[in-house]
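1. with the input below, show me the fold.
(one chain, ligands or ions: 1)
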Amino acid sequence: MAFTVSANFAISADGKISSDPQRPSGWTSSQDHKRLLELRRNADAIIVGRGTLCADNMSLTVPDQTPQPLRCVVSRKGNFNGNEKIFHSHGGDIHLLVTNAISCDFERDSVTLHFANLTDFIETLHRDHGVKHIHCEGGGMLLRALLDYDLLDTLHLTWAAHTLFGGTNAPTISGLDDGIFFSSRHFSLVEMIESGAEGELFLTYQRNDAAK
Ligand SMILES: NC(=O)c1ccc[n+]([C@@H]2O[C@H](COP(=O)([O-])OP(=O)(O)OC[C@H]3O[C@@H](n4cnc5c(N)ncnc54)[C@H](OP(=O)(O)O)[C@@H]3O)[C@@H](O)[C@H]2O)c1
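-> Purely as a prediction, here's the structure:
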């Protein structure tokens with residue numbers, strides 16, 4: 001398939017992305033925020049799970065850029081209430097993927113609803129909307145699905161070892177309790193940038209042997 005999938009996460013010293021799935025993780029530093037926006041600039045579409053959209057109150061926009069990337073959100077049932085920030089901010093077209101229902105009550109002008117599975121949705125973005133680079137900003141449950149389908153090409157990590165989130169309910173980049181991978185996913189380090197004062201490392205890994 002002629003598209004690439006990347007993801008960006010900040011992880012704590014204990015490998016967590018947040019202290020609780022409902023709680024906003026925020027940016028770990030100003031550099032982390034700057035990098036998040038830079039990575040968005042290279043994307044044709046940004047994709048997040050509904051949990052992250054809500055917890056982090058996201059608009060999924062890129063400052064001072066035209067065109068804006070498509071804004072994609074994944075949900076099982078499509079339980080959006082319309083108050084989410086994304087529906088009240090100017091940005092790229094919004095595409096909502098609903099995986100476990102064949103209809104839902106949510107309707108908004110200029111929002112496209114898709115009833116499909118994740119792989120078919122990504123194919124549709126590529127085929128019908130010219131998307132060549134999809135960038136995932138979380139959360140763990142969504143990345144876990146991308147990893148299960150072995151779709152992730154590039155993983156950007158902010159290694160924020162100045163913080164510990166702790167707790168069994170604190171999610172990791174591969175979700176909470178979805179069992180083991182059929183086989184481990186291996187990546188190679190292609191870039192490492194140190195952010196001195198803020199005590200973080202910015203890492204980029206490339207998938208060694210992606211199935212696609
Ligand atoms: N440190 C970081 O870089 C970073 C990045 C992102 C998020 N976070 C944090 O992570 C936490 C959220 O984590 P999370 O694992 O709950 O996030 P998530 O994947 O964004 O949200 C889970 C919800 O998204 C939908 N979803 C995700 N994957 C799906 C799939 N494959 N198919 C269908 N629906 C899917 C479901 O919504 P429905 O309930 O509607 O079915 C699910 O309940 C928050 O605290 C957030 O701040 C941190």
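2. where do the helices sit along this structure?
-> With DSSP state H as the definition, the chain shows helices at residue ranges 30-41, 50-55, 118-129, 140-148.
3. residues of the third one that come out buried?
-> Buried residues in helix 118-129, counted by 16 or more other Cβ atoms under 10 Å: Leu118, Phe121, Ile122, Thr124, Leu125, His126. All C-beta spots, glycine's among them, are computed from the backbone N, C-alpha and C.
4. re the thing from before, CSV for the helices of the chain, including mean pLDDT and distance to the ligand?
-> Formatted as CSV, the helices of the chain follow (pLDDT from 0 to 100; distance: least, Cβ to the nearest ligand atom, whole Å):
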stretch, mean pLDDT, distance to the ligand
helix 30-41, 96, 8
helix 50-55, 96, 2
helix 118-129, 97, 5
helix 140-148, 95, 3
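5. related to what we said a few turns ago, nearest to Asn169, of the buried residues of helix 118-129?
-> Leu118 (24.2 Å; Cβ to Cβ).
6. now that closest one. Nearest residue, chain neighbours left out?
-> By the measure of Cβ to Cβ, 6 or more residues apart in numbering, the closest residue to Leu118 outside its immediate chain neighbours is Ala145, 5.4 Å from it.
7. OK, contacts around Ser12?
-> Taking Cβ atoms under 8 Å, 6 or more residues apart in numbering, we find Ser12 in contact with Ala160, Ala161, Thr163, Leu164, Phe165.
8. just to check, the second one is in contact with Ala10?
-> I take that to be Ala161. No. Contact between Ala161 and Ala10 fails when scored by Cβ atoms under 8 Å: they sit 10.6 Å apart.
9. Phe115 reaches Ile102, doesn't it?
-> Yes. Using Cβ under 8 Å, Phe115 is in contact with Ile102, at 5.4 Å.
10. neighbour count winner among these two?
-> A direct count of neighbours by other Cβ atoms under 10 Å for Phe115 and Ile102 places Phe115 higher, at 16 against 6.
11. what bridges to the more buried one?
-> Beta-bridge partners recorded for Phe115 (DSSP bridges): Val98.
12. could you measure it against the ligand, distance?
-> Separation of Phe115 from the ligand (Cβ to the nearest ligand atom, to the nearest Å) stands at 12 Å.
13. residues contacting Glu200?
-> So Glu200 contacts Thr28, Ser29, Gln31, Asp32, Thr158, Trp159, Ala160, Ala161, His162, Glu194 (Cβ under 8 Å, 6+ apart).
14. repeat the analysis, applying 10 Å as the threshold.
-> Taking Cβ atoms under 10 Å, 6 or more residues apart in numbering, we find Glu200 in contact with 10, 28-29, 31-32, 35, 157-163, 193-194.
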